[in-house]
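Undergrad: Starting from these lines, generate the structure:
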Amino acid sequence: MAEVWTLLLANCDVSGTVLAPLCSDIRRLSIASEAEQRLLLLNRLQAYRLESLEGEAGGLLTAYYEPVFEAQRLAGNGFNTPLYATPSGLANGRPWFSRQDIESLPAAQTALRGREIAWLADPVDALILHIQGSGRLRITEADGSVRTVRVGFAASNEQPYQSVGRWLLDKGETRDAHGLASKRGCSAIRSGSKNCCGPTRVMCFSKNCPLVPTPAWGRGVRRACH
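TA: Prediction:
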């Protein structure tokens, strides 16, 4: 129950939360007994049973989140994976250069030159941020100062997304296609390639977003890169 209450309190710190009518009681009962907390939930909320289409109650429940990565404003010192702003030649709804083209074709690289908004140390982190739709960067500026910024989805190259987790499973590189397991699998087979994560052709472009208090959910879920 302690973990549940931590999540409820975090939601109550977000402006406009759907839990607003309950927040005074949630805060009041933050140091109450587990029985009192459970009673509030039973009296004020409606519980729903989750089942598969076959009626099975067991399974895996997944969600999006807002990752936090170390980054630099300028490339170097191991930070060599760029996050790009939307290129000027991108037309809405029309396919643009694929992820693989961006790594290898001079025309794609020329179109993105000067569009770098930050540099990450790991190309897998960039892919995770694209998939989640938004994230936070602890970014080292050119003058050496460090601050936290938010970036979010701006556009995509309108290329198809293929599951990196499925690709890793098919290659036998992981037994778990979720989260850090996929990152470990990608890292194990990167072999120096920026495009480490298989056949997915999609590339997302980012934009700076307002830095708001950390929500209890990922704000990128409405529009993510897949």
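
Undergrad: The protein: strands as residue ranges?
TA: Secondary structure of the chain (DSSP state E): strands located at 68-72, 81-84, 116-120, 134-140, 146-156, 204-209.

Undergrad: Mind telling me which residue is nearest the centre of the protein?
TA: The residue lying closest to the centre of the chain (Cα atoms, centre = their mean) is residue 132, at 2.6 Å.

Undergrad: what's the distance between residue 77 and residue 118?
TA: In this view, residue 77 and residue 118 are 14 Å apart by Cβ to Cβ, to the nearest Å. Glycine gets a C-beta too; all of them are placed from N, C-alpha and C.

Undergrad: And for residue 143?
TA: 15 Å.

Undergrad: is residue 208 in a bridge, and if so with what?
TA: residue 151 (DSSP bridges).

Undergrad: Could you check the pLDDT of residue 65?
TA: Here, the pLDDT recorded for residue 65 equals 74.

Undergrad: Got the domain ranges for this structure?
TA: Residue ranges for the domains of the chain, per automatic domain parsing: 2-44, 68-161+200-222.

Undergrad: Helices of this protein, residue ranges please.
TA: Along the chain, the stretches classed as helices by DSSP state H are 2-12, 23-28, 34-44, 99-104, 106-112, 123-132, 164-171, 179-189.

Undergrad: Pick out the shakiest of these, pLDDT-wise.
TA: helix 179-189 has the lowest average pLDDT among the helices of the chain, namely a mean of 59.

Undergrad: Could you work out the end-to-end span of stretch 45-52 for me?
TA: 22 Å (Cα to Cα, to the nearest Å).

Undergrad: And stretch 92-99, how far out from the chain middle?
TA: On the basis of Cα atoms, centre = their mean, to the nearest Å, stretch 92-99 is displaced by 21 Å from the centre of the chain it belongs to.

Undergrad: That one: which residues count as buried?
TA: Neighbour-count burial for stretch 92-99, counted by 16 or more other Cβ atoms under 10 Å, picks out 96-99.

Undergrad: start to end distance for it?
TA: One end of stretch 92-99 sits 17 Å from the other (Cα to Cα).

Undergrad: Now tell me what touches it from outside.
TA: Under the contact criterion Cβ atoms under 8 Å, 6 or more residues apart in numbering, stretch 92-99 has outside partners 87, 89-90, 105, 107-108, 111, 155, 157-159, 195, 200-203.

Undergrad: ok, now stretch 111-122?
TA: 69-76, 78-89, 97, 102, 126, 129, 137, 139, 149, 151, 187, 205-208.

Undergrad: Would you write a PyMOL line that selects the buried entries of the contacts of stretch 92-99?
TA: PyMOL command restricting the contacts of stretch 92-99 to the buried ones, with burial defined by 16+ other Cβ under 10 Å:
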select buried, resi 87+90+108+111+155+157+159+195+200+201+202+203
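
Undergrad: In terms of distance to residue 61, which of the contacts of stretch 92-99 ranks first?
TA: Among these, residue 200 lies closest to residue 61 (Cβ to Cβ), at 23.8 Å.
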